[in-house]
Structures are given as C-alpha cells and as structure tokens.
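need a 3D model of the sequence below.
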Amino acid sequence: MSWAAANLWLIPALPLAAAAILSVTRRPHRRLAAALSIGAMSIAFLLALIAFIGSLGGHGEHVVHNFDWLALGSTTVKLGWVLDPL
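Sure, this is the predicted structure:
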C-alpha cells in the first residue's frame, strides 16, 4: 500500500480541521481564516491528485479500508473508503 493510500483519511480531515479552527476565530482575523481554509482545501486537493495518480499506476487494483465506526451489541457499522481509478 502506498503512502497516499494509507493516508486517504487526511483528504476529508484537513478541511474539517480547518473548519473547526475557523469556528473559534474572531471576526477581525478574516485574512488568517481565508488563508487557512484555502490552504487546507489546496493540500487536500493535492493529496487527492497524488492518490488518484497513484491508483492509475496500478493494474486495476483498488484499496479498501474499513473500520468499525459504531458498535451496537453484535452489530457494527463500518465506515471506510475505496481508492480505485474509477
């Protein structure tokens, strides 16, 4: 598994972390807020491009990563992601 496939969780996590930080900043810091949000989205976009290009180099294989998100008794709800060229 490549580095990009192992760290796919960073793609949605970076904009979410930026949104969490921006929710506690004050109004006079608009330039910082804009720079942080645009930077987080740009880095997430670059990571998505790296992962996509890496998936094109494979031979039609796709990476699946699931984890237990919620457990209720013997039933579990899984959350995860799939990386494939499609």
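
now do the helices in the protein.
Along the chain, the segments classed as helices by DSSP state H run 3-6, 10-22, 30-57.

tell me the mean pLDDT over the first one?
Averaged across helix 3-6, pLDDT comes to 71.

also the second one?
Taken as a whole, helix 10-22 carries a mean pLDDT of 91.

now for that helix, which elements pack on it?
Here helix 10-22 touches helix 30-57, going by 3 or more CB pairs under 8 Å, 6 or more residues apart in numbering; DSSP states H and E. For glycine as for every other residue, the C-beta is placed from the backbone atoms N, C-alpha and C.

dump the residue contacts of the residue nearest the centre of the chain.
By CA atoms, centre = their mean, the chain has its centre lying nearest to Ile11, at 2.0 Å. Shown in contact with Ile11 (CB atoms under 8 Å, 6 or more residues apart in numbering): 44, 47-48, 51.

just the buried residues from those, in PyMOL please.
Of the contacts of Ile11, the buried ones go into a single PyMOL selection, burial set by 16 or more other CB atoms under 10 Å:
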select buried, resi 44+47+48+51
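
what would the contacts of Ile11 look like in a markdown table with pLDDT and distance to Asp84?
Formatted as a markdown table, these follow (pLDDT from 0 to 100; distance: CB to CB, whole Å):
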| residue | pLDDT | distance to Asp84 |
| --- | --- | --- |
| Ala44 | 95 | 19 |
| Leu47 | 91 | 16 |
| Ala48 | 88 | 13 |
| Ala51 | 84 | 10 |
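
I'd like the contacts of Ile11 laid out as TSV, including distance to Ala35.
Formatted as TSV, the contacts of Ile11 follow (distance: CB to CB, whole Å):
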residue	distance to Ala35
Ala44	15
Leu47	18
Ala48	20
Ala51	24
